[in-house]
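Trainee: Got a predicted model here, sequence first, then my questions.
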Amino acid sequence: MNPETDVATPTTGRASTAAERVRIFDTTLRDGEQAPGFSMDRHAKLRMAQQLEALGVDVLEAGFPQASPDDFAAVAEIARTLKNTTVCGLARCQNDDIDAAGRALEEAAHSRIHVFLSTSPLHREHKLGMSKAQVLDTAVAGVERARGRCHEVEFSAEDALRTEPEFLVEVFSAALEAGATTLNAPDTVGYTTPAEIVALFEYLRRHVRGAERAIFSSHCHDDLGMAVANSLAAVSAGARQVECTINGIGERAGNAALEEVVMALKVRAARFGVDTRLDTRKLYPTSRLLTQLTGQAVPRNKAIVGENAFAHEAGIHQHGMLKHPGTYEIMRPQDVGIAETRLVLGKHSGRAALGQRLQTLGHTPDAAAMDTIFARFKKLADKKCEIHDEDLEAIALGQDPDEAGPWHLLQLSSATHLGGSASASVKLAHDDGREVSEAAIGDGPVDAVLRAIERATGSELELTDFVVRAVSEGGDAQGHARLTARHHQRDWRGHGVSTDIVEATAQAALAIVNRIARQTPAPAPIVVAHL
Ligand code: KIV
Ligand code: ZN
């Protein structure tokens, strides 16, 4: 990108042109990665960087090279690898930081050094111990030093939203004159509101000397839950770069969630009059990749990428969705990379959704049979959170999916040993009269009980998903275990509820073994890998 020609223009509300593009600056690997619980090694960072390039982010902040040798190596490797995305390294306005960033970015096709310095009175006095004049001089010196070490320079006024606007104008004007092309006004502590950020960006664009040459950027934190709203407000006031992270990860409560910002700009394009270059169909895979690399799941109800984002359970909603998806969905799941809308069958579902699902599974009950099936379905739905296809098939065949054998759990015990290993033993009864006892050791009690059940039943469980969560609070909390195993290209789910999480897991595993056994009377071995 050439910063001299690819400059921002004021908001006009006109249809999208190249000048009306909002640049997406992804800081998942810097601001996101520095948050507790989200650290990634070099390989994970490179994998994530390649995915972000495929997604189409304009700038990727790969790390803070002076922070550690690992950070330096990760930035250098990403800089060497990416070809289209501008790779950015963070640096304080200090010579060592800037030089390290420059060296890390040496091989980048497109490089940016992001220098930052606090400008607010609180930070000037308590963090930096600097006067306004010293801040101004340090900012200019930082930008000038960075300029010769990369293709383009971004300057951030840390804690900008709590800085005197007149002083911010002075600092930004000086940084621009010194060679910065992007001016970032971070809401470092997540304190601002949409109306305030609009006022600030309008003020900056009116008063910064040379503002027409600059790209103004927002960087909002989510301490009051307004990071995305504030970022969008900044765009409506002329910001042409938004700094954000996948899944909204970042310091404390996180940064503005990239997927939310991008989809808001797309779904409400007529309102914002701007565009991004991103391939939004890659949003969900990118979010999933991050959760896999960090082991941190997003909440079920997370906008755009949460499990419930395109799931409908209420009967009235399902009925509407079957008639016209626009009734309850403002975007298509495919637009964010999710295969399809999910009509979740649970206690709130109605006959329309149940009938449609049964039809998909090859069952076309007449009205009387449907009455019976619906009554059984409601009874089961009262006991379980979610009804899956295998439950429905059992109901349609007149079985009670929870009570049907052939295997039944008679006894279970488990023990955890110092040093991490665990053992479990189970006693099972089979409908044909056999009683089988087996014991196994595993990495933990859950692993041990799964192995004991596999041995006792002669099955192997290739687990593809395993979720354990508390469904009530307190010392006698009920734990819910939900397991998914793959067998013959099909997912089989089982669930169990108990005050003992190991027992809940055993019930869930046995439910899967039983379902497969009922479906295939002489079961072929089920391939396995433990999670
Ligand atoms: O939140 C912040 O102020 C930052 C800066 C380094 C841009 O992350
Ligand atoms: Zn930040």
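Mentor: Sure thing, it's come through. Ligands and ions are numbered 1, 2, ... in the order given.
Trainee: Dump stretch 345-359 to PDB, keeping only the CA atoms.
Mentor: C-alpha atoms of stretch 345-359 as PDB (Å, rounded to 0.1, in the frame of the first residue of the first chain):
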ATOM      1  CA  LEU A 345     -35.000 -28.700  18.800                       C
ATOM      2  CA  GLY A 346     -35.700 -28.200  22.500                       C
ATOM      3  CA  LYS A 347     -38.600 -27.700  24.900                       C
ATOM      4  CA  HIS A 348     -39.500 -24.400  23.200                       C
ATOM      5  CA  SER A 349     -39.800 -25.900  19.700                       C
ATOM      6  CA  GLY A 350     -43.100 -26.400  17.900                       C
ATOM      7  CA  ARG A 351     -44.600 -29.100  15.600                       C
ATOM      8  CA  ALA A 352     -43.500 -27.300  12.400                       C
ATOM      9  CA  ALA A 353     -39.800 -27.500  13.200                       C
ATOM     10  CA  LEU A 354     -40.100 -31.100  14.500                       C
ATOM     11  CA  GLY A 355     -42.000 -32.200  11.400                       C
ATOM     12  CA  GLN A 356     -39.400 -30.600   9.100                       C
ATOM     13  CA  ARG A 357     -36.500 -32.300  10.900                       C
ATOM     14  CA  LEU A 358     -38.300 -35.700  10.900                       C
ATOM     15  CA  GLN A 359     -38.800 -35.300   7.200                       C
END
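Trainee: ok, and for the lengthiest helix in the chain, which residues are buried?
Mentor: For the chain, the helix with the greatest residue count under DSSP state H is helix 501-519. Buried residues in helix 501-519, counted by 16 or more other C-beta atoms under 10 Å: 501-518. Yep, even glycine has a C-beta here, placed from its N, CA and C like the rest.
Trainee: what helix or strand does the spatially most distant residue from the centre of the chain sit in?
Mentor: Residue farthest from the centre of the chain, counting by C-alpha atoms, centre = their mean, is residue 433 at 48.7 Å. Under DSSP states H and E, no helix or strand contains residue 433.
Trainee: Same check on residue 155?
Mentor: Judged by DSSP H and E, residue 155 forms part of strand 152-158.
Trainee: How about residues contacting that strand?
Mentor: Here strand 152-158 makes contact (C-beta atoms under 8 Å, 6 or more residues apart in numbering) with 1, 3, 86, 88, 110-120, 123, 139, 142-143, 146-147, 163, 168, 171-172, 175-176, 179-186, 188, 217, 219.
Trainee: Go through those residues and flag which are in helices.
Mentor: Going by DSSP H, the helices hold 139, 142, 143, 146, 147, 168, 171, 172, 175, 176 from those.
Trainee: Quick check: the third one touching residue 181?
Mentor: No. Taking C-beta atoms under 8 Å as the contact criterion, residue 143 and residue 181 are not neighbours in contact, 9.9 Å apart.
Trainee: How about the residues of the stretch 151-300 of the chain by ligand 1?
Mentor: With C-beta under 6 Å from any ligand atom as the criterion, the stretch 151-300 of the chain meets ligand 1 at residues 156, 158, 184, 186, 188, 219, 221.
Trainee: gap between the closest residue to the second one other than its chain neighbours and residue 435?
Mentor: Leaving out its chain neighbours, the residue that sits closest to residue 158 by C-beta to C-beta, 6 or more residues apart in numbering is residue 118, at 4.2 Å. According to C-beta to C-beta, to the nearest Å, residue 118 and residue 435 sit 71 Å apart.
Trainee: And for residue 356?
Mentor: 43 Å.
Trainee: pLDDT of stretch 291-308, averaged?
Mentor: Averaging pLDDT along stretch 291-308 yields 93.
Trainee: If you count neighbours, what's buried in it?
Mentor: 293, 294, 298, 302, 303, 304, 305, 306, 307.
Trainee: Can you pick out the most distant pair from those residues?
Mentor: Largest separation among the buried residues of stretch 291-308 by C-beta to C-beta: 293 and 303, giving 21.0 Å.
Trainee: just checking, which of the contacts of strand 152-158 belong to strands?
Mentor: The strands, defined by DSSP state E, take in 86, 88, 111-118, 182-186, 217, 219 from these.
Trainee: what residue is smack in the middle of this structure?
Mentor: Centre-most residue of the chain, counting by C-alpha atoms, centre = their mean: residue 247, 3.3 Å.
Trainee: give the contact list for that one.
Mentor: 257, 259, 287, 290, 291, 296, 298, 302, 305.
Trainee: what about the first one, distance to ligand 1?
Mentor: I take that to be residue 257. 15 Å (C-beta to the nearest ligand atom, to the nearest Å).
Trainee: neighbours around that residue, how many?
Mentor: When neighbours are counted by other C-beta atoms under 10 Å, residue 257 registers 27.
Trainee: ok, what's across the strand from it?
Mentor: residue 245 (DSSP bridges).
Trainee: surely it meets residue 299?
Mentor: No. Taking C-beta under 8 Å as the definition, residue 257 is not a contact partner of residue 299, at 11.4 Å.
Trainee: Can you tell me which residues in the chain are near ligand 1?
Mentor: Going by C-beta under 6 Å from any ligand atom, the residues of the chain near ligand 1 are 31, 116, 156, 158, 184, 186, 188, 219, 221.
Trainee: With pLDDT and neighbour count added, can I get the residues you listed in TSV?
Mentor: Below are these laid out as TSV (pLDDT from 0 to 100; neighbours: other C-beta atoms under 10 Å):
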residue	pLDDT	neighbour count
31	98	24
116	98	23
156	98	26
158	98	21
184	98	24
186	98	24
188	98	24
219	98	30
221	98	25
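Trainee: contacting residues around the nearest residue to residue 120 once chain neighbours are set aside?
Mentor: The shortest distance from residue 120 to any non-neighbouring residue, by C-beta to C-beta, 6+ apart, is to residue 159 (3.8 Å). Residues in contact with residue 159, defined by C-beta under 8 Å, 6+ apart, are 118, 119, 120, 122, 123, 186, 188, 189.
Trainee: farthest-separated two in those?
Mentor: Going by C-beta to C-beta, the pair spanning those furthest: 122 and 186, at 14.1 Å.
Trainee: List the contacts of the closest residue to ligand 1 within the stretch 1-150 of the chain.
Mentor: Going by C-beta to the nearest ligand atom, ligand 1 is nearest to residue 116 of the stretch 1-150 of the chain, at 4.3 Å. By C-beta under 8 Å, 6+ apart, the contact set of residue 116 is 90, 91, 92, 93, 155, 156, 157, 158, 184, 186.
Trainee: again, 7 Å this time
Mentor: Going by C-beta atoms under 7 Å, 6 or more residues apart in numbering, residue 116 touches 90, 92, 156, 158.
Trainee: closest to residue 271 among these?
Mentor: residue 156 (27.6 Å).
Trainee: could you point out where the stretch 1-150 of the chain is predicted with low confidence?
Mentor: 1-19 (pLDDT under 70).
Trainee: just the strands in it please.
Mentor: 23-26, 59-63, 86-92, 111-118 (DSSP state E, counting those that start in this stretch).
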